[in-house]
Each structure stands twice: as structure tokens, then as C-alpha cells.
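Chemist: No sequence on hand, only this structure:
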């Protein structure tokens, strides 16, 4: 069964760090592009970062560039989102997502290119 599972969310003070994980219990993430998205209450889902399927190149939203880092560990079958210098406006439910096709690179920040989604993990940042 194709499934993505996020973990690592929590409560952190402004300026703090969290590392989110995206695991795939039922399949191998190697060869899949992975995107991280977030959605705050009353706001649209926003693309945060993505890592491509072929060369592991990365893209970031302007709002997180220089503070967030996406990476993958094939041995652990996990994609990470390291979030540093967190701000209150980063608070949201964070989702990882993948397209159904392997070795396919979606438009990074466009959620319509992703068909497989995790359940989300809550990130809260106190000021």
C-alpha cells in the first residue's frame, strides 16, 4: 500500500528548530520526487520545499529559503525537512507528498502534481 507518514512536528519557540520526517512504509522513496507543503488555518496550502527524483536538486519557497533544508536518506527510506530559525508565521500543518510516477519531476510548489499525501504533522511556533 502506497503511504506517506510524517512525524517530527511539535511546539517550538521562535528561533528554534525542528526536523520533520517523511517515511514510506510500503514503497521505496528512492526515485520519487518529494514535496513538503504546509497549511495554516484559513490559508491555502503552500509549497515549502521539494527534492527532485533524478538528481536530488532542491527548490524552496522564498519564505523559507536559507532557513529550511530538504534532504533524503535512501538507507532509511526517509525524506527530511530541517527547519531552523522558525518564526510564528511558519506554524501550520506540514504535509509531505509524492507523485504516483517515479522518476517524474513535478512543478515543485504546485500541489496538483502530487497524488500521494501523508496525514500531516502539526508545527506550532510560539513568539
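Modeler: Now that the structure is in, tell me what you want to look at. Keep in mind that this is a model prediction, so the values were computed, not measured.

Chemist: Any regions of the protein where pLDDT drops low?
Modeler: Low-confidence segments of the chain (pLDDT under 70): none present.

Chemist: now the residue most central in space within it: how far from residue 21?
Modeler: What sits nearest the mean C-alpha location of the chain, by CA atoms, centre = their mean, is residue 36, with 2.3 Å. From residue 36 across to residue 21, the span is 11 Å (CB to CB, to the nearest Å). C-betas here are computed from N, CA, C, even on glycine.

Chemist: Same check on residue 125?
Modeler: Counting by CB to CB, the gap from residue 125 to residue 21 is 18 Å.

Chemist: Please identify which of these two sits among more neighbours.
Modeler: Just comparing residue 125 and residue 21: by other CB atoms under 10 Å the higher neighbour count belongs to residue 125, 20 against 17.

Chemist: Distance of that one relative to residue 74?
Modeler: Distance, residue 125 to residue 74, using CB to CB: 30 Å.

Chemist: what does residue 51 give?
Modeler: The spacing between residue 51 and residue 74, counted by CB to CB, is 12 Å.

Chemist: Please compare the two by neighbour count and tell me which comes out ahead.
Modeler: residue 51 (24 against 12).

Chemist: Does anything pack onto whichever strand or helix holds residue 47? Which helices or strands?
Modeler: Secondary structure assignment for residue 47, by DSSP states H and E: strand 46-51. Applying 3 or more CB pairs under 8 Å, 6 or more residues apart in numbering; DSSP states H and E, we find strand 46-51 packed against strand 34-39, strand 58-60, strand 68-73, strand 78-83.

Chemist: Go again with 7 Å.
Modeler: Applying 3 or more CB pairs under 7 Å, 6 or more residues apart in numbering; DSSP states H and E, one finds that strand 46-51 contacts strand 34-39, strand 58-60, strand 68-73.
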